[in-house]
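Participant: next comes the sequence, and after it the predicted model I'd like to discuss.
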Amino acid sequence: MDDPFALLFPTAAATLRVATPLILAAMGGLFSERSGIIDVGLEGKMLMAAFFAAAVAAVTHSAWWGVAAAIAAAEVMALLHGLACITYRGNQVVSGVAINIIAAGLTIVWGNAWFQRGGQTPALDARSERLLPLFFPNAGDNILVYAALLSVPLTWWIVSRTRFGLRLRAVGEVPLAVDTAGISVPWLRYRAVLICGLFTGLAGAYIAIAQNAGFSRDMTAGQGFIALAAVIFGKWRPFPALGACLMFGLLDAVAIRLQGVRVPGVGEVPVQLIQALPYLLTVFLLAGFIGRAVAPKAIGQPYEKEH
Amino acid sequence: MRNPRRPLPAWADIVLLPLINIALAFVTVSIIVRINGVDPFHALRLLVVGALGSPESIGYTLYYATNFIFTGLAVAVAFHGGLFNIGGEGQAYIGGLGCGLAILALDRYLPAWAMIPIAILAAALFGAAWAAVPAWLQAWRGSHIVITTIMFNFVAAALMVYLMVNVLIAPGSMTPQSRNFEPSSFLPAMQGNALNLSLGLALVCCLAVWIFLWRTPWGYALRTMGHNPEAAVYAGTDLRRMTMVAMGISGGLAGFVGVNELMGVHHRIVLDFPAGYGFAGIAVALMGRNHPLGIALAALLFGILQQGGAELAFEIPTITREMVVVIQGLVILFSGALVQLPRPWLQMLFALRRPS
């Protein structure tokens, strides 16, 4: 390897580039899960948002309309999840799986019907249709990267320092107590799910029109699940979740650099092992081998007022 | 305005409600098809003809249905034990690896009558082992099986890519696939078609699962665990062991997808052969109401959609094969997550008919 300092900046930039959608989606997932709604559907919402971001940006020639469309698309999916989980008290995991599968299919069905490119959207023009770096042209530091970094203290502040946050945490632990206090459980949870939609919308937009120049099939490629893993790895708290996202981002950046490189004393590290590490680490954490992750108590349980 | 919530009659709960849910899914699909500028009834006719119009297409339909039966049963068995196994995708993948490894090791030495059972057994064992790890983690370490099985899908995919690219790749091959199997491992198949003897295995599995769940003490204990874990403990069931049994059977069933795909069709180990069957199994189990007979029927329907959808995509360029994926997702949504959606309306209708 060459000069370590020459590697530091590109590696840090690459880490941040990869971590940005993870951070955004993880903060969204955190709101949802803290309110007691499991969100396995982060992936599907991001994918849907990515598709609409690219499709609308290509048609309107405006990156901002793309971002708006991405948020709208993710919110529709989030509302669907809310309808199933909150209003109709359905199984939250089933709903999340359904959202993922619907998004995987629908983005290609519509993409093909509208653009006739086998599910891809037209390549986006760099000047107006994409989000561009603000300060460092080579680092890819577009506005959503900063938004992601800001979203973490914001999430921390909302969840742990505001009245809404207190109620949000309460509704994820003991919804009955919140209900007894005269606060609507469904309305609180719907707000949490909608905030999640907003964040996953931004994450999807980032992937399609900032990181890449257009949509291609299954382009989220499991990042929604890595974000979910980061939420769990961060024990449902914003800053530890950010740490997990950065670690997973670093792993990814390192995986690309380590391809075919022999590490002294270890030999060649399989890239696939590094790619599987976020999942493996989460499994180890959940199993209590490295610390203990305790989920919100009421997570996954629909709340029934009548009882 | 709130109607008195009277429970629905049993037949409405068991037959009518699921049918309405599926109908809602298909209405949504036809709206999407309509948006794409295609007449839904024309599309439906093409789809049915494409799936059932000739012996060849029926063969493919049944071949797809075979995979759906395996993964549907896998989800159902775990579900009866109160466990949600979303890891069918990974278990199918590793099951295929198991059967492939057994064949690569032995196919030059064993005749078909020995090779085929060993390979099938290996698929079940590998699939079961891959499911047993999340089961063990849930039973002994208290980690949530849904999250662990999701994570294991990705781990399985990474492991398979590593093995195929670095270890099992055929010498001189550019694409990551193993050497061809010897014919001794081939399952008898329909001439020039993908349909093979795995369908028989799938039907045997249906019967076996039914007998296991409803006619054996273990099945009874498993269902008790699913309905009321405390009652199961009181009745002397070891919940940890039962969790392992349920997930082991579930994973083994999912592993049989590898038998259908690798021993029946590809005749070598390839990448990505589970192709979403593991997730579709959730839809099949939900639609079949977790009963083997229902699962067989739901699997047939999904087989028709898969084969007919491919033909449809061929006929109408604005519709792609992924339409089938959308339908699967909508079925999961409407007959899984939104299963209570039509209930208040139905209750209202029934209340109108028989005023109390």
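Facilitator: Here it is on my side, so go on.
Participant: residue numbers of the stretch 101-250 of chain B in contact with chain A?
Facilitator: When proximity is defined as Cβ under 8 Å from any Cβ of the partner chain, the stretch 101-250 of chain B approaches chain A at B:137, B:141-144, B:146-148, B:150-152, B:154-155, B:158-159, B:161-162, B:166. (Glycine included, C-beta is placed from N, CA and C.)
Participant: list only buried entries from these.
Facilitator: B:137, B:143-144, B:146-148, B:150-152, B:154-155, B:158-159, B:161-162 (16 or more other Cβ atoms under 10 Å in any protein chain shown).
Participant: from the residues you listed, which is closest to B:I103?
Facilitator: B:L159 (18.5 Å; Cβ to Cβ).
Participant: give the contact list for the closest one.
Facilitator: When contacts are counted by Cβ atoms under 8 Å, 6 or more residues apart in numbering or on different chains, B:L159 touches A:Q272, A:A276, B:I94.
Participant: how about a cut-off of 10 Å?
Facilitator: Applying Cβ atoms under 10 Å, 6 or more residues apart in numbering or on different chains, we find B:L159 in contact with A:P270, A:Q272, A:L273, A:A276, B:G90, B:Y93, B:I94, B:L97, B:W130, B:F152.
Participant: kindly report the same for B:P7.
Facilitator: If you count contacts by Cβ under 10 Å, 6+ apart, B:P7 has them with B:D13, B:R343, B:Q347, B:F350.
Participant: again, but for A:C196
Facilitator: If a contact means Cβ under 10 Å, 6+ apart, then A:C196 has A:25, A:27-33, A:35, A:37, A:39, A:41-42, A:45, A:74-75, A:77-78, A:81-82 as its contacts.
Participant: check the gap between the nearest residue to B:H266 once chain neighbours are set aside and chain A for me.
Facilitator: For B:H266, ignoring the flanking residues on the chain, the nearest one in space by Cβ to Cβ, 6 or more residues apart in numbering or on different chains is B:F273 at 6.7 Å. Distance of B:F273 to chain A, given as Cβ to the nearest Cβ, to the nearest Å: 17 Å.
Participant: got a list of what B:F273 touches?
Facilitator: Neighbouring residues of B:F273 by Cβ under 10 Å, 6+ apart: B:67, B:92-93, B:96, B:100, B:160, B:257-258, B:260-262, B:265-266.
Participant: and B:A313, by the same measure?
Facilitator: By Cβ under 10 Å, 6+ apart, B:A313 lies in contact with A:V109, A:N112, B:L46, B:L47, B:G50, B:I319, B:T320, B:R321, B:E322, B:M323, B:V324.
Participant: of those residues, which pair is most distant in space?
Facilitator: Maximum pairwise distance among the contacts of B:A313 (Cβ to Cβ): 18.2 Å, between A:N112 and B:G50.
Participant: name the residues of the stretch 151-300 of chain A found near chain B, please.
Facilitator: A:217, A:222, A:225-226, A:228-229, A:232, A:268, A:270-289, A:292-295, A:299-300 (Cβ under 10 Å from any Cβ of the partner chain).
Participant: now, those residues that are in strands?
Facilitator: Using DSSP state E, the subset of these located in strands is A:E268.
Participant: which stretches in chain A count as helices?
Facilitator: A:4-34, A:42-60, A:63-82, A:92-115, A:143-161, A:163-173, A:175-180, A:185-205, A:223-233, A:238-258, A:271-286 (DSSP state H).
Participant: buried subset of the residues of the stretch 151-300 of chain A next to chain B?
Facilitator: For those, a burial check counting by 16+ other Cβ under 10 Å picks out A:217, A:222, A:225-226, A:228-229, A:232, A:270-272, A:274-287, A:293, A:295, A:299-300.
Participant: please list which of the contacts of A:C196 are also close to chain B.
Facilitator: Contacts with chain B within these, counted by Cβ under 10 Å from any Cβ: A:H81.
Participant: ok, back up a step: adding pLDDT, write the contacts of B:L159 out as CSV.
Facilitator: Output for the contacts of B:L159, formatted as CSV (pLDDT from 0 to 100):
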residue, pLDDT
A:P270, 83
A:Q272, 87
A:L273, 88
A:A276, 89
B:G90, 96
B:Y93, 96
B:I94, 97
B:L97, 96
B:W130, 97
B:F152, 95
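Participant: which two in those are spaced the farthest apart?
Facilitator: The most widely separated members of these, counting by Cβ to Cβ, are A:P270 and B:W130 (18.8 Å).
Participant: so what's the residue of the stretch 1-150 of chain B found nearest chain A up against?
Facilitator: Residue nearest to chain A within the stretch 1-150 of chain B: B:S143 (3.6 Å; Cβ to the nearest Cβ). Contacts for B:S143 (Cβ under 10 Å, 6+ apart) come out as A:232, A:282-289, A:293, B:134, B:136-137, B:151.
Participant: number of residues surrounding the residue lying closest to A:F51 once chain neighbours are set aside?
Facilitator: Spatially, and ignoring its direct neighbours in sequence, A:F51 is nearest to A:T107 (4.0 Å; Cβ to Cβ, 6+ apart). For A:T107, the number of neighbouring residues by other Cβ atoms under 10 Å in any protein chain shown comes to 31.
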